[in-house]
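Enquirer: what's the 3D shape of this:
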Amino acid sequence: MVAIKGGSSQPSFADLVAAVPQPIPEMVLAPRIPKLVDGEVFFQFTKEEIARSTKLCRFSVVLKFLKQRPSLDAVRSFIHSRWGLSSTPVVSFMWCPRNVFVRMMSEADFTKALSREVCEINGSFYRPFRWSPDFDEDAKPSRVPVWVYLPGLPPNFYQESFLNILMMLIGSFIRCDNPTRCATRTDGARLCVEVDAAKPPLSHFWIGAPGLPSSRKQEVIYETLPAYCNSCKMQGHNSQTCRGKSGQHGNGCKGTKDKQEKGQPVAVNGEGMKEKETEINRPVVSVENMQSSVKEQTGPESTTVDLCPLSASMGVIPICEEPVGMVETQKNNVLVINQVENGVEVVESEAV
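Expert: Numbers count the residues shown, from 1 in each chain. Next comes the predicted model:
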């Protein structure tokens, strides 16, 4: 829904453009050849390239619903009317049917979404998580937003600069509530912190050197810290009370994925059938098939490889006129041999 400014009956052109999702900006990458280790093809990207690629989604959260997930239209409508964001976020499906990806446009909106005290949409409860490139949809991340209470903290420490320092060993400071921010309640500070639930919580800390008369021992009360199991990577229980190995406490994603990999349609809350036809029906290309296809195109006597005609059908970065060669390097008494065969870099290593 587009907000109407100035009481006019029709939204402006700028409002209409802002409400329509825009294409993501292109990112220029240097060409590289695929590599081969133990019969597996892989691609490598630098940390700088990965960091550049995450700029678009740096203000994104994942809503993992505990049971049934509302429709996307219901989620969008609820966010628009109840979250109080400054701009309209992009709400979309994820691979797991219970997960929803919400991409905000500003850090302020991201903070609001991550630190909401009541995590439910139309009666369906969820847990919010900060998205990152290594986010695993099957597991529940151990880093969760938690509301922390510091009873009796003097009001002169209510400024965010102090709270950021005091929360350094507990987690990442997100925000404090309005009574703390305005100092209208001075019996203690209440703030939202992203805590690693897999680690033992810090019960107290000292302001000033311990034992001195001018120092203060500050208690830390966690209001919403969930239990976390390091064995199955799930919330709600710990390793001592875990009933089995990973998979028994799943959130419903694995069974859905098995159906999708077999080409079976999956129903998601009456929104129709989702089919991964593009990925499922795509023919599987092995390394042997790729090499034989390359030989047919280059000929048995050629010393160069042209993968450009295969790039569209196999998803391989086009590499043209790459000579066959071998480079040997020795690192930590291990001989590493990099050999380019048919446009694929083969990495072998052996002890020396």
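
Enquirer: Now Val91: which helix or strand?
Expert: Assigned by DSSP states H and E, Val91 belongs to strand 90-93.

Enquirer: Val195 now?
Expert: Going by DSSP H and E, Val195 is in strand 188-196.

Enquirer: Could you identify the helix or strand that succeeds that strand?
Expert: Taking DSSP H and E, what comes next after strand 188-196 is strand 204-207.

Enquirer: any idea how far Pro70 is from Leu63?
Expert: 10 Å (Cβ to Cβ, to the nearest Å). For every residue, glycine as well, the C-beta is placed using N, CA and C.

Enquirer: so what sits against both of the two?
Expert: The overlap between the contact sets of Pro70 and Leu63 (Cβ atoms under 8 Å, 6 or more residues apart in numbering) consists of Ile121.

Enquirer: okay, now the closest residue to Leu85 other than its chain neighbours: neighbour count?
Expert: Leaving out its chain neighbours, the residue that sits closest to Leu85 by Cβ to Cβ, 6 or more residues apart in numbering is Asp109, at 4.4 Å. With neighbours defined by other Cβ atoms under 10 Å, the count for Asp109 comes to 22.

Enquirer: doesn't Asp109 fall inside a helix?
Expert: Yes. Under DSSP: H, G, I helix; E, B strand; the rest coil, Asp109 sits within a helix.

Enquirer: I'd say it and Val90 touch.
Expert: No. The pair Asp109 / Val90 is not scored as a contact, 11.5 Å apart, by Cβ atoms under 8 Å.

Enquirer: Count the residues that sit near Thr241.
Expert: 9.

Enquirer: all numbers from here: first residue = 757
Expert: Okay, using 757 as the starting number, the last item reads as Thr997.

Enquirer: and it, what helix or strand is that in?
Expert: Using DSSP H and E, no helix or strand contains Thr997.

Enquirer: And it, how far from Lys820?
Expert: Separation of Thr997 from Lys820 (Cβ to Cβ): 21 Å.

Enquirer: can you check Trp903 too?
Expert: Counting by Cβ to Cβ, the gap from Trp903 to Lys820 is 18 Å.

Enquirer: Compare those two and say which is more crowded by neighbours.
Expert: Lys820 (22 against 19).

Enquirer: The more buried one is in what secondary structure piece?
Expert: Per DSSP H and E: strand 816-821 holds Lys820.

Enquirer: Paired strands for that strand, with orientation please.
Expert: strand 855-859 (antiparallel), strand 880-886 (antiparallel) (DSSP bridges).

Enquirer: contact partners of the strand holding Val951?
Expert: In contact with strand 944-952 (Cβ under 8 Å, 6+ apart) are residues 870-871, 886, 898-909, 913-914, 919, 923, 926-933, 935-936, 957, 978, 981.

Enquirer: Select only the buried ones of those in ChimeraX?
Expert: Selecting only the buried entries of the contacts of strand 944-952 in ChimeraX, with 16 or more other Cβ atoms under 10 Å as the criterion:
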select :870,871,886,898,899,900,901,902,903,904,905,906,909,913,914,919,923,926,927,929,930,931,932,933,936,978
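
Enquirer: hang on, the earlier thing: in terms of mean pLDDT, which of the strands paired with strand 816-821 ranks lowest?
Expert: Out of the strands paired with strand 816-821, strand 880-886 stands lowest, with a mean of 91 (criterion: mean pLDDT).

Enquirer: Tell me which residues of that one come out buried.
Expert: 880, 882-886.

Enquirer: Let me have these in JSON lines, adding distance to Asp943 as columns.
Expert: Below are those laid out as JSON lines (distance: Cβ to Cβ, whole Å):
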{"residue": "Ser880", "distance to Asp943": "34"}
{"residue": "Tyr882", "distance to Asp943": "31"}
{"residue": "Arg883", "distance to Asp943": "29"}
{"residue": "Pro884", "distance to Asp943": "28"}
{"residue": "Phe885", "distance to Asp943": "31"}
{"residue": "Arg886", "distance to Asp943": "30"}
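
Enquirer: What is the nearest of those residues to Asp894?
Expert: Phe885 (12.9 Å; Cβ to Cβ).

Enquirer: Spatially nearest residue to the closest one, not counting backbone neighbours?
Expert: Nearest to Phe885 is Val818, by Cβ to Cβ, 6+ apart, at 4.7 Å.

Enquirer: Compute the number of surrounding residues for the one you found.
Expert: 20.

Enquirer: Pretty sure it sits against Val856.
Expert: Yes. The pair Val818 / Val856 is scored as a contact, 7.2 Å apart, by Cβ under 8 Å.

Enquirer: what is in contact with these two at once?
Expert: Met850.

Enquirer: measure Val976 to Ile926 for me?
Expert: In terms of Cβ to Cβ, Val976 sits 7 Å off from Ile926.
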